[in-house]
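K.L.:
here is the input, now give the coordinates:
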Amino acid sequence: MSREPLLRLTSAGLYCSRGGFHIDPWNPVACAVVTHAHGDHAVRGSRKYLAAESGSLILQHRMGPRAQIQTLPFGQAIDLDGVQVSLHPAGHILGSSQVRVEHKGEVWVVSGDYKVAPDTTCAAFEPVKCHTFITESTFGHPNYHWEPQSVTFAEIHDWWRDNQAQDRASLLYAYSLGKAQRLLAGLDSGIGPIHAHPSVEEMNVFYRQSGIDLPATRSPKGEMSPSEWSRSLILMPPASRWEKGLHFHGHYSTAFASGWMVLPGEPAKRGVERGFALSDHADYSELLAAIAATEAERVLVTHGYIDEFVATLKSRGYDAAPHKSFRCKRPPRVPE
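P.N.:
Take a look at the predicted model:
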C-alpha cells in the first residue's frame, strides 16, 4: 500500500492527487467525479464532470446547460493520469454509482449513497471488491430496519383506500428525485388517480426520457371534481407543506415516506398523520452485509452515524475509522 492515501479529504472534499480529480466535492473543482445528482453530492461550477451514463439527463439539468459532463456506462474504466476510474451501480436513485479507483494494484471504492433493496427505477447495487471501502452510515444504527418493500407498499395502498372510504385525498410527501419515482413505480394506479407536484413531475420527465417506465400523472393544481379529489393520491415534496397556491379541493390525509419514519413519534414531528419507512439508503444490517461483500481490508465511514458505526465495525474485526468531512460530523436529517 502507498504511504500517501489514494484518496484524502481536502477543503473541497475527497481528492485523488494522482488522478487530479475530486469525488462529490462540495465546492467547484477542476474535475468532479459525481456519484449522483442529489444536491449534497453534486454542486454547480466545476470545470468538468464525470458521472454514470444512466443519470446524465438529470445531472445536466441540475448542473446547468453549460456544464461539461462526460459519462461512462457502468463497469467501463477510464484512465485519469494513470489512475483507473470506473463507476458501478449503487442502487440509490437513477444513475447513482459507486466510484472504483485503482492505482498500481491498490483499489478504493467510494460508495456514495446506496441501497440494496430492489428498485425498478435504477440499476441494482453491485458489490465491488476492494482494499478500502468508504461507506455511508445514514442509518448505521440498530434502530433502523426496513420491512420488505412489498409490505410497505401494501400499507400505503391500505391507507389510500381508507382515505377514499372517508372522502379524503391522500397527500404523500417524498423527496422529488428518487423517492417519488420509486413510489410512483410501485403504486397500484388501479386504486385511483395519481397526481404529482410540478417539482416531482419535472424529475418524472427525465426518468421517462431515460427509459424508466412510470405511470402517467397529473398536476394537483388543475381542477378536480370532488369524486376525483377524494380518490386521488398526490405525491408532494416535503417543502410543499409551506407552499402557497396549491388548490386543495377538500379533506385530505397526510403521510411521509422516509426511513426516518421507523422511529416512534417521527410522523408527528414532521407534521403528518402517517409515516411509511421506505428509504433509498441501506439499513443497519444491509450496510453490514454490503461491506462484507466488498471483502475490504479497511472501511472508512462517513455521512451519518459515523462514530457508532465505526465502533460496530471494529467490534466485528474490521480495520475501521471515521472519515468525517470538514463541513459537519453528521449531515442534517433530510427525508430519504
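
K.L.:
relative to V310, how far out is the closest residue to E295 other than its chain neighbours?
P.N.:
Nearest non-adjacent residue to E295, counting by CB to CB, 6 or more residues apart in numbering: K129, 5.3 Å away. C-beta coordinates here come from the backbone N, C-alpha and C atoms, glycine included. Using CB to CB, to the nearest Å, K129 is found at 22 Å from V310.

K.L.:
neighbour-wise, which of the two wins?
P.N.:
V310 (20 against 12; other CB atoms under 10 Å).

K.L.:
give me the mean pLDDT for the helix or strand the more buried one falls within.
P.N.:
Counting by DSSP states H and E, the element that carries V310 is helix 306-315. Averaged over helix 306-315, pLDDT sits at 97.

K.L.:
what of stretch 261-277?
P.N.:
So the average pLDDT for stretch 261-277 ends up being 95.

K.L.:
element containing S285?
P.N.:
Short version, using DSSP H and E: S285 is in helix 284-294.

K.L.:
tell me what that helix is packed against?
P.N.:
Counting contacts by 3 or more CB pairs under 8 Å, 6 or more residues apart in numbering; DSSP states H and E, helix 284-294 packs against strand 132-137, helix 306-315.

K.L.:
after the longest helix along the chain, which helix or strand is next?
P.N.:
Scanning the chain for the helix with the most residues, using DSSP state H, yields helix 149-165. For helix 149-165, the succeeding helix or strand toward the C-terminus, using DSSP H and E, is strand 169-173.

K.L.:
got the angle between that following strand and helix 149-165?
P.N.:
140 degrees (axes from the mean of the first three to the mean of the last three CA atoms, to 10 degrees).

K.L.:
wait, is the residue nearest to E295 part of a helix?
P.N.:
No - assignment of K129 by DSSP: H, G, I helix; E, B strand; the rest coil gives coil, placing it outside any helix.

K.L.:
show the contacting residues for it.
P.N.:
V107, T294, E295 (CB atoms under 8 Å, 6 or more residues apart in numbering).

K.L.:
just the buried ones among these, please.
P.N.:
Using 16 or more other CB atoms under 10 Å as the burial test, the contacts of K129 include V107, T294 as buried.

K.L.:
could you dump the contacts of K129 into CSV with pLDDT added?
P.N.:
Formatted as CSV, the contacts of K129 follow (pLDDT from 0 to 100):
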residue, pLDDT
V107, 98
T294, 98
E295, 98
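
K.L.:
now flag whichever of the contacts of K129 is closest to V33.
P.N.:
Nearest to V33, judged by CB to CB, of the contacts of K129 is V107 at 15.2 Å.

K.L.:
so what sits opposite V299 in the bridge?
P.N.:
V299 has the following beta-bridge partners by DSSP bridges: F133, A320.

K.L.:
dump the contacts of K129 to CSV, plus distance to P89.
P.N.:
Listed next are the contacts of K129 as CSV, based on distance: CB to CB, whole Å:
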residue, distance to P89
V107, 17
T294, 14
E295, 18
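
K.L.:
who are the packing partners of the helix or strand of the chain with the lowest mean pLDDT?
P.N.:
Least confident helix or strand, the chain: helix 226-231 with a mean of 90, by mean pLDDT, DSSP states H and E. Contact here means 3+ CB pairs under 8 Å, 6+ apart; on that basis helix 226-231 packs against helix 149-165, strand 169-173.
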